[in-house]
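# Here is my input; please provide its structure:
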Amino acid sequence: MEKTLKKMLAKLAVISLLVSSFMVVGPVEANSFTSMSDTMTRLKTSTTADHTIGLTLPATYNFDATGSTDVIMIDFPAANFVMGGVWATTDFTFSDGTSRTINAINQGAGITTVVCADGANNVGVAIDTTALDFRVMPCGSSYTPQVAGATIAFTIDGTTTDGTLTNPAAANTYTISLAMTDEGSVNAHTGSISIGVVDNDQVAVSANIDPTITFDIDTSTNIEADTATPYTVSFGTVTTADSRVSGDTDSVNYILLDLATNAASGASITIQNANGTSGMVSTSTPADTIDNSDGAIADGTERYGFCVNTTTWTSGSPLTISADYLGMTCNADGETNDVEDLNTNGKSIVEAAGPIAGGRAVIVANVSVSAVTEAHDDYADTLTFVATATF
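Numbers count the residues shown, from 1 in each chain. Below is the predicted model of the structure:
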């Protein structure tokens, strides 16, 4: 009985030994990446492009340095893409939910590893310049992994003066292979991305814009008015005690100048008159005048001229008062306004330095007379306004 028991125990021991000899730790189960993409800056043949590789790890796996260091590999078809230049750490970014630091790179024919400084966020990039493989790996055991199933984003700047990655010469569909070494198991997780390279990825769009300028004159006591020709300003009867000025008080019209243009260098409006500094001339006796000169109008002083009350615009460059008319006192119904001398050649009164829409200038007409200004009922002058755009 004792012998039988010993034999049975011996047999069980042998069976146990045989079973245990066949128990080995299996490799990481192969799984596919999901949500894989390559967003490129250019798809044109023979053109350098940046690449943003995106993928999502299998749900129960992360990217870490526990046990054997994990490695993510992006493999471009070497027969089609062209790699050039010398890569720098600044050519790459890597994120697995946390933005990591590209601590070091290693590049050359057959290169598959990189030595970099251990750190919680440090990764290195190994570049096989022959096979056109990019491998990203944690720098050491201090690397802090993200959660399982993380979304990975790896960018390659293939367009700068460092390393370059040039699209294939032929328009076609090409496959970028993805793989991950997980806990020492090569190609534990895999996937692929198809990209379409085209003969041209750009559309030339062109347009012509015709030059335009719109100019209009209105005369009214309402500064918002839009009136039709003929355009007139009537001072009525002027006395030494009653100077006459545009506005409601004297019922004298303003001159309203409207300007719009798409000229790159803007536009200006000039004013000129028929009589120069002779101002308003009697039709029946041309030697008798109400002279025009720089200065202020005033009861008892002979002077005739114009000033700019306001300028407005809806968009574009401002409508501004030109230098000769700038800084003058110029009020509606203001019988002490300053006026500028006139000439028969024209001088700028308002202007815009660039394209303008909805420009309007309010010009005030002014006249005062002295005790010796000759009596006539036919004093007249003709103003000419010219708008000129510079395209």
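# can we go C-alpha only for contacts and neighbour counts from here?
Noted.
# On the strand side of things, show who Val362 bridges to.
Leu256, Thr310 (DSSP bridges).
# I figured it was touching Phe306, is that so?
No - with contact defined as CA atoms under 8 Å, Val362 and Phe306 do not form a contacting pair (10.4 Å).
# more neighbours, the two?
Phe306 (26 against 22; other CA atoms under 10 Å).
# does the more buried one have beta-bridge partners, and which?
Bridge pairing for Phe306 - DSSP bridges - gives Glu340, Ala365.
# show me the contacts for it.
338-340, 363-366 (CA atoms under 8 Å, 6 or more residues apart in numbering).
# Which parts of the chain belong to which domain?
The chain breaks down into these domains under automatic domain parsing: 29-197, 213-389.
# Could you tell me how many residues sit around Thr229?
For Thr229, using other CA under 10 Å, the count is 8.
# Could you measure from the closest residue to it other than its chain neighbours over to Tyr254?
Of all residues not flanking Thr229 in the chain, Asp218 sits nearest, at 7.8 Å (CA to CA, 6 or more residues apart in numbering). Applying CA to CA, to the nearest Å, the value for Asp218 to Tyr254 is 8 Å.
# Tell me which of the two has more neighbours.
Neighbours were counted for Asp218 and for Tyr254 using other CA under 10 Å; Tyr254 has more, 29 against 22.
# Does that one touch Arg360 like I think?
No - Tyr254 is beyond contact range of Arg360, at 11.9 Å (criterion: CA under 8 Å).
# one step back: now, which of the contacts of Phe306 sits nearest Thr173?
Ile363 (69.3 Å; CA to CA).
# what's the pLDDT at that closest one?
Per-residue pLDDT puts Ile363 at 98.
# ditto for Ser293
96.
# what are the bridge partners for the residue nearest to Thr229, then?
Leu256.
# so it touches Thr227, yeah?
Yes - in this structure, Asp218 is within contact of Thr227 by CA under 8 Å, at 5.2 Å.
# Can you pull the poorly scored residue ranges out of the stretch 251-391 of the chain?
Applying pLDDT under 70 to the stretch 251-391 of the chain flags no residue at all.
# Going by residue numbers, what spans are helices in it?
Read by DSSP state H, counting those that start in this stretch, the stretch 251-391 of the chain holds no helices at all.
# ok, and the closest non-adjacent residue to Ser220?
Ser220 sits nearest to Asn253 (CA to CA, 6+ apart), 4.5 Å away.
# residues contacting that neighbour?
Contacts of Asn253 (CA under 8 Å, 6+ apart): 219-222, 232-234, 246-247, 365.
# Now, of those, which are buried?
Burial by neighbour count, judged by 16 or more other CA atoms under 10 Å, picks out 219-221, 246-247, 365 from those.
# Counting neighbours, what do you get for the closest residue in space to Ala387 that isn't next to it in sequence?
Leaving aside its chain neighbours, Ala387 sits nearest to Ile269 (4.3 Å; criterion: CA to CA, 6+ apart). Number of residues near Ile269 (other CA under 10 Å) recorded here: 23.
# Would you confirm that Ile269 contacts Thr390?
No - between Ile269 and Thr390 there is no contact under CA under 8 Å: 11.7 Å.
# related to what we said a few turns ago, of the domains of the chain, which approaches Ala207 most closely?
Comparing these under CA to CA, the one sitting nearest is domain 213-389, at 14.8 Å.
# Which helix or which strand is home to Phe94?
Assigned by DSSP states H and E, Phe94 belongs to strand 92-95.
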